[in-house]
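**Q** when you get a sec, could you give me coordinates for this:
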Amino acid sequence: MNQRERRSLGKKLLKWTLSTIGHEGYFLTGREKGRYVRVHQTLPRSLHTELEAFAREEGKKYSTIVSELLKEAL
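**A** The predicted structure follows:
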């Protein structure tokens with residue numbers, strides 16, 4: 001993946017991340033009374049697939065690639 005494609009993927013990830021801020025909810029579960037559990041937004045499948053492919057191509061872990069791309073995009 002060249003630098004331009006890498007930046008584009010980083011921008012998509014950052015845009016999705018920023019769009020989810022304030023949309024995460026909390027709920028109370030019956031099983032874990034009195035404990036709040038975070039509800040996570042999930043990445044769109046197409047973006048997730050792109051990130052997985054890029055991680056394989058770079059020979060790095062998925063979480064490492066996500067972290068690197070977000071740092072670069074900022």
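
**Q** going by C-alpha atoms from here, please, whenever you check contacts or count neighbours.
**A** OK.

**Q** quick check: end-to-end length of stretch 49-69?
**A** Chord length of stretch 49-69, first to last residue, is 15 Å (C-alpha to C-alpha, to the nearest Å).

**Q** how about it: buried residues?
**A** Across stretch 49-69, burial judged by 16 or more other C-alpha atoms under 10 Å covers 51-52, 54-55, 62, 65-66, 69.

**Q** try stretch 2-12
**A** Quick answer for stretch 2-12 (16+ other C-alpha under 10 Å): 7, 9-11.

**Q** and which of these is nearest Pro44?
**A** In terms of C-alpha to C-alpha, no member of the buried residues of stretch 2-12 lies closer to Pro44 than Leu9, at 13.0 Å.

**Q** give the contact list for that closest one.
**A** Leu9 sits next to 50-51, 69 when contact means C-alpha atoms under 8 Å, 6 or more residues apart in numbering.

**Q** how far away is it from Arg45?
**A** With the distance defined as C-alpha to C-alpha, Leu9 ends up 14 Å from Arg45.
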